[in-house]
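J.: here is a sequence with its predicted model. Questions after.
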Amino acid sequence: MIPDPDPIGLPAPAWLLTFLLLLTFTLHILAMNFTLGGTVIAVVSDFLGRRRGDERYRRLAQHLVSLLPITLAATITLGVAPLLFVQTLYGQFFYTSSILMAWPWMAVVPLVIVAYYGIYLYAWQGERLGDRRIWVGAGSALLLVIVAFLYVNNITLMLTPDRWHDIYASHSNGLFLNGEEDTLVPRLLHFLVAAPAVAGAALVGYALFIKNRSPEGYWTWAARYGAVWFLVFTLIQAAVGPLFLFRLPTAVRDPFVGDDTLRTVLLVAGIGAAVLGLMAMAAALHLRNPVPPGLAAGLCLVASVSLMSVTRHLVRDEYLSPRFSTGDLAVDSQTVLIVLFFLALLGGVAVVGYMLQAILRGSGPAQPEI
Amino acid sequence: MNYPIWDVPLLGGGLLIAGVAIVHVFISQFAVGGGLFLVLTEMKGYREGDQGIIDYVRLHSRFFVLLTLVMGALTGVGIWFTIGLVQPAGTSTLIHTFVWIWALEWVFFAVEIAAAVVYYYGWDRLDRRTHLTVGWIYFGAAWVSLFLVNGILSFMLTPGDWLETHNIQDGFFNASFFPSTFLRTFATVALAGLYALVTASLLRDENLRSKMIAYSARWLVPAFLLLPIGGLWYFAVIPQDATDLAVGGAPVVTVFLLTSLALAALIFVYGVGAATLEPRRFSIATALVLLAMGLAVVGSSEFVREAIRKPYIIYDYMYSNSIRLEDVPTVRAQGALASSKWAKVSAVTPENRIEAGKEVFRLLCSSCHTVDGYNAIRPFVKGWPEEYIYQQLGQLDVLKSVMPPFLGNEAERDALAAWLATLGDEEPQP
């Protein structure tokens, strides 16, 4: 039942496309975690600020919210690239699972559009909306969670071609969700729970950024507040992660729990980085200056997410390995274009870097009164 | 043949793609020309020392960001989603041939998005020169993005030497590449003017309002002088069969082409006329009507572009029903049912004849036809006896040049005719 791979083959070695898939996926997932987690933290902080009459919560929520439209744009942009590379490498799996759940899959687009406008509304009209903005923010966060749910449906369904035939027999109208999949819920939780942890760690960076422009009481509070979010959700992850691991089919899991040295080391390293992050962040809570250990924890988290992205990729290959390996695809490299792409990528990073430093430095208003 | 088929009731997959694509083109082409409009109008404001113009550009940039970053970007993702669901084999061909073009396009898209954000938030934080530089970076990246995507779009109609060489350069710089890049570039400038008329007509200061309305309308001029030339150039290079479809071969396509031309002319005469002669009387309602007409022009010309490519998804390489031309002999020999990995019926037998016919329809016809919705098959066959349908199926490509020949075997042709004959007897499904 698995469609044949495209007869045209790959226009670059599979390892290169895989590298780009993993690089862009990791960046996408970090941006997604920050945006979703940031929305949740902003909504909760906004609410707590009102409840406790504490201006610090409101201020933090306001700053965080003003970043969200930008980070959501980054999430979407960074998400396009892995979507391209996954189709290139695994098209016959990805298209098929998408077709089986066509309508829910199509729904991703309007859901993100509405969530996006909600976030703009929260960010740009928050004052005018008053306390109703909390509902707008919560609504956007909920829509993004649904989007994540739909993604996890598709990404798990593409790994289980044995089930496709029966699904197609009963669902050629494209109304299917992968509810029977054992790993669906833990996998979704694994991604969702990471979101407030990443955003919490990012708050330490925020504290550093505003350090010279705000009273000490505020920035140290903000760093510790972020640390608490990080700690709570990373501890929850300590329960969710193993649950996900043990829901995987034995044949897929075994290489990661001892059968294969490289895969086991990789998983342990990913977990180890998260544990190191936990310890550093716990220290941040108790030190007078929480920023240095907090930033170290953030770096550990980035390392953990990167290692887990690679692990996730190897899990996928483990699922598909009896029948398919991207290494078997015919390759006809378009060398000139590959070089051109990397040159453009370097140039693009330089140009974006130039623009970011210009706006962060602030070279003065564009338009003094004429 | 290779992929399962998603049954989209009433609309059919093709119309679904068209719906998403037209909205996307309408916004993303504005995103290109609108970038040029922002920087040039900002420069005009500085040159004339007119704070009102600067405030207007700022207002327009807010609208621009809200529309292009959200709807423009996400409808683009939406096209990816839709074509992958409706035309997975064709999408796969485009992806595998042009991965690096797509990847390059992604880099420019990312720069474009970043520049739009920095431009918008930079009004208060950047000096004039840097702010304008960011604006130019935006426009440059957006146009290169159009340039790259257009290579792939035009490839679908005129793949040319690529069919023999499978060389990426032959595919990208294909015969219709330059005329369609020319057409699209000037279309983006006209769209910039149409959208600007909307925001300009909302200005409160009457003098500024009149000034910006007249100014915005001037953005329509280059397009309406140059698009006819681009159109003639385009039709000169595309396959003769495709041109024939547009000029009478398929009446519906001709109607759309004429609609597009007539509305474009009307926008020009009415828009430029009203905005320059009577800018004070030019209301938001007028601007919105012109914008809606612009959407109709984009929609009908994109429809024509898609329709004249029939019966192919990629000209001379893959039919609309996802069958590669090189696979036709095999499919004919084995039968469509046996060639498909996903057919619910594996072969025609005397017992399953009707059911098999229905499955043949899903495999070979449903990429363009629905039963009762868009391009419905029922009205076509109503009252036709089975033998007559069978005859017609043998010469589809001769009867209608938008259709491929029937690609199944004899038994399948017979079964399809039998199933189609039953349609005429039943009432339409609700």
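T.: Nice, thanks for sending it over. Residues are numbered from 1 along each chain as shown, chains lettered A, B, ... in the order given.
J.: what ranges do the helices span in chain A?
T.: Secondary structure of chain A (DSSP state H): helices at A:14-52, A:55-100, A:102-129, A:132-157, A:164-170, A:184-210, A:216-247, A:250-253, A:261-286, A:291-320, A:335-361.
J.: can you give me the neighbour number for residue 327?
T.: Reading this off chain A. By other Cβ atoms under 10 Å in any protein chain shown, 11 other residues sit near residue A:327. Quick note: C-beta positions are derived from backbone N, CA and C, even for glycine.
J.: actually it's chain B I care about, not the one you picked
T.: Residue B:327: 18 neighbours (other Cβ under 10 Å).
J.: for it, give its distance to residue B:377.
T.: Residue B:327 sits 24 Å away from residue B:377, going by Cβ to Cβ, to the nearest Å.
J.: identify the residues contacting residue B:249.
T.: Under the criterion of Cβ atoms under 8 Å, 6 or more residues apart in numbering or on different chains, the contact list for residue B:249 reads B:241, B:401, B:402.
J.: whichever of those end up buried, select them in ChimeraX.
T.: To isolate the buried subset of these in ChimeraX, counting by 16 or more other Cβ atoms under 10 Å in any protein chain shown, use the following:
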select /B:241,402
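J.: what does the stretch 151-300 of chain B have sitting close to chain A?
T.: Residues of the stretch 151-300 of chain B lying close to chain A (Cβ under 8 Å from any Cβ of the partner chain) are B:166, B:168.
J.: find the closest residue to chain A in the stretch 151-300 of chain B.
T.: residue B:168 (5.5 Å; Cβ to the nearest Cβ).
J.: that residue against residue B:94, yeah?
T.: No - Residue B:168 is beyond contact range of residue B:94, at 12.0 Å (criterion: Cβ atoms under 8 Å).
J.: which strand or helix spans the residue nearest the centre of chain B?
T.: The centroid of chain B falls nearest to residue B:302 when counting by Cα atoms, centre = their mean (4.3 Å). Using DSSP states H and E, residue B:302 sits within helix B:284-307.
J.: and for residue B:410, the neighbour number?
T.: Per other Cβ under 10 Å, the neighbour tally for residue B:410 reads 12.
J.: can you give me the pLDDT of it?
T.: Residue B:410 carries a pLDDT value of 95.
J.: report the contact partners of the residue most central in space within chain A.
T.: Chain A has residue A:29 as the residue nearest its centroid, 2.0 Å off, counting by Cα atoms, centre = their mean. Taking Cβ under 8 Å, 6+ apart, we find residue A:29 in contact with A:191, A:194, A:305, A:309.
J.: residue B:415 now?
T.: Residue B:415 neighbours (Cβ under 8 Å, 6+ apart): B:348, B:353, B:354, B:356, B:357, B:360.
J.: and it, how close does it get to chain A?
T.: Separation of residue B:415 from chain A (Cβ to the nearest Cβ, to the nearest Å): 19 Å.
J.: excluding chain neighbours, what is closest to that residue?
T.: Sequence neighbours aside, residue B:357 is the residue nearest to residue B:415 in space, at 3.8 Å (criterion: Cβ to Cβ, 6 or more residues apart in numbering or on different chains).
J.: hmm, that neighbour is touching residue B:423, no?
T.: No - taking contacts as Cβ under 8 Å, residue B:357 lies outside contact range of residue B:423: 10.0 Å.
J.: quick one: which of the two has more around it?
T.: Neighbours were counted for residue B:357 and for residue B:423 using other Cβ under 10 Å; residue B:357 has more, 25 against 22.
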